[in-house]
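Asker: Output the structure for:
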Amino acid sequence: YDSVAVLGLHLMLLYEPGANSVLFQDGTMVELANQATVKLIRDANQSKGFLQVTDKGKRQIYDLLGNPIYHTWYYDVGPLTPSLFVIEKNRMKGIVDMKGKVLLKPRYAAIVADSTTHISILHQGRFGYFNPESKAFIRPQYESRLVHFDTGILRSSKKGKQGLINHQNKTLLDFEYDQIHHWTDSTVFALREENWQVLNFYTGEVQHDNITGYDEIQENNVRKAIVKTTDGYGLLDNKQGMVLNPGFNDIMNLGTADEPVFFTEKYIPEADYYVVIYYNHQMDVIRRQVFDSGNYDQVYCY
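Answerer: Next up, the predicted model:
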């Protein structure tokens with residue numbers, strides 16, 4: 001050969017008069033047409049690749065062992081996931097699988113794989129969703145990307161408000177909330193007009209209301225939240241519900257996220273004294289104290 005060029009990923013381009021060839025990883029050699037051009041296609045983490053050979057507008061895709069995968073007339077091809085390619089025609093993008101089967105025709109301005117089963121699509125400024133395994137497809141109609149919220153559930157927004165839908169595009173929670181945060185497999189913290197609610201998005205039942213703020217604590221597989229309500233502070237558990245009813249002047253975690261120790265304070269105005277109780281993560285009382293208002297400020301500490 002007159003010269004050799006390294007393409008990357010152990011591929012070499014071999015030049016000789018009138019007969020250029022590509023040498024693949026396992027020693028397979030593929031001869032190229034005189035006017036053919038080659039392009040190495042890599043995935044995002046640079047660990048996987050394919051070779052695109054273009055000849056007179058026709059593109060043949062090979063794996064790194066020299067096996068032809070499929071051919072196409074589309075203008076460009078790029079990796080999307082380990083088993084899918086993005087194709088492009090007239091600046092619009094679509095999806096094909098490893099055998100060249102078209103899963104989405106090139107009709108979209110952008111396609112991004114958030115995971116192998118969660119693909120975001122964009123068209124005319126609106127976002128949609130595609131799952132190549134289940135074939136779930138939601139045409140672009142939302143203002144923001146559809147993000148995974150829970151198994152089979154997505155969150156997005158319309159007219160500046162957030163809501164929840166399932167993979168069949170059925171609305172589970174109306175698009176009328178400023179924020180929606182996951183709490184359990186059936187409930188959420190939902191903010192509307194500066195008021196948080198804990199509600200069941202399957203039944204619509206409001207379980208807790210008039211919450212002005214909350215501070216979540218992740219404790220192994222259990223989640224707790226110190227909630228501030230119009231009645232005072234309370235403590236909510238995602239499995240047991242409200243374990244300390246709102247009405248405390250303050251609740252703080254003096255321990256860690258893994259082993260919380262809850263300090264609670266409640267003022268009894270009729271007697272002019274404070275009741276301080278400490279709870280462990282199992283909500284057992286580990287200490288109880290009573291202070292009159294005259295000396296409480298001297299012992300109160302964080």
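
Asker: Give me the three-state assignment for residue 296.
Answerer: Put simply, residue 296 is helix when judged by DSSP: H, G, I helix; E, B strand; the rest coil.

Asker: Contact partners for it?
Answerer: Applying Cβ atoms under 8 Å, 6 or more residues apart in numbering, one finds that residue 296 lies in contact with 273, 274. The way it works is simple: take the backbone N, C-alpha and C, and place the C-beta from them, glycine included.

Asker: Show the pLDDT at it.
Answerer: Residue 296 is assigned a pLDDT of 73 by the prediction.

Asker: what does residue 271 give?
Answerer: On the pLDDT scale, residue 271 gets 89.

Asker: Where does residue 156 sit, in terms of helix or strand?
Answerer: strand 153-158 (DSSP states H and E).

Asker: Next SSE downstream of that strand?
Answerer: strand 161-166.

Asker: doesn't residue 95 fall inside a strand?
Answerer: Yes. According to three-state DSSP, residue 95 belongs to a strand.

Asker: I'd like to know how far it sits from residue 184.
Answerer: 34 Å (Cβ to Cβ, to the nearest Å).

Asker: can you tell me which residues contact the closest residue in space to residue 245 that isn't next to it in sequence?
Answerer: Once flanking residues are discounted, residue 245 sits nearest to residue 234: 5.5 Å by Cβ to Cβ, 6 or more residues apart in numbering. Counting by Cβ under 8 Å, 6+ apart, residue 234 makes contact with 226, 227, 242, 244, 245, 246, 247, 248, 251.

Asker: Name the member of the residues you listed with the most neighbours.
Answerer: Neighbour counts for these (other Cβ atoms under 10 Å) peak at residue 227, which has 25 neighbours.

Asker: counting contacts, what elements does whichever helix or strand it is part of pack onto?
Answerer: Assigned by DSSP H and E, residue 227 falls within strand 222-229. Packed against strand 222-229 by the contact rule (3 or more Cβ pairs under 8 Å, 6 or more residues apart in numbering; DSSP states H and E) you find strand 206-219, strand 232-237, strand 241-248, strand 250-253.

Asker: neighbours around residue 170, how many?
Answerer: Neighbour count of residue 170, defined by other Cβ under 10 Å: 8.

Asker: Next up, identify which helix or strand the nearest residue to residue 52 once chain neighbours are set aside is on.
Answerer: Nearest residue to residue 52, sequence neighbours excluded (Cβ to Cβ, 6+ apart): residue 39, at 4.4 Å. Using DSSP H and E, residue 39 sits in strand 37-42.

Asker: List the buried residues in that strand.
Answerer: Neighbour counts using 16 or more other Cβ atoms under 10 Å place 38, 41 of strand 37-42 among the buried residues.

Asker: what pairs with that strand, and is each one parallel or antiparallel?
Answerer: Strand 37-42 sits in its sheet next to strand 49-55 (antiparallel), going by DSSP bridges.

Asker: OK, contacts around the nearest residue to residue 211 once chain neighbours are set aside?
Answerer: Spatial nearest neighbour of residue 211, chain neighbours left out: residue 196 (3.8 Å); criterion: Cβ to Cβ, 6+ apart. Residues in contact with residue 196 (Cβ under 8 Å, 6+ apart) are 189, 190, 211, 212, 213, 214, 227.

Asker: measure residue 196 to residue 64 for me?
Answerer: In terms of Cβ to Cβ, residue 196 sits 53 Å off from residue 64.

Asker: re the thing from before, pull out the buried residues from the contacts of residue 196.
Answerer: Using 16+ other Cβ under 10 Å, the buried members of these are 189, 190, 211, 214, 227.

Asker: Now render those residues as CSV, adding distance to residue 21.
Answerer: Formatted as CSV, the buried ones among the contacts of residue 196 follow (distance: Cβ to Cβ, whole Å):
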residue, distance to residue 21
189, 62
190, 62
211, 69
214, 65
227, 69
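
Asker: shaky segments in the stretch 151-300 of the chain?
Answerer: Across the stretch 151-300 of the chain, the ranges flagged by pLDDT under 70 are 297-300.

Asker: With neighbour numbers in mind, choose between residue 95 and residue 184.
Answerer: For residue 95 and residue 184, the more surrounded residue by other Cβ under 10 Å is residue 95, and the numbers stand at 23 against 12.

Asker: wait, doesn't the more buried one sit right on residue 88?
Answerer: No. Taking Cβ atoms under 8 Å as the definition, residue 95 is not a contact partner of residue 88, at 10.7 Å.
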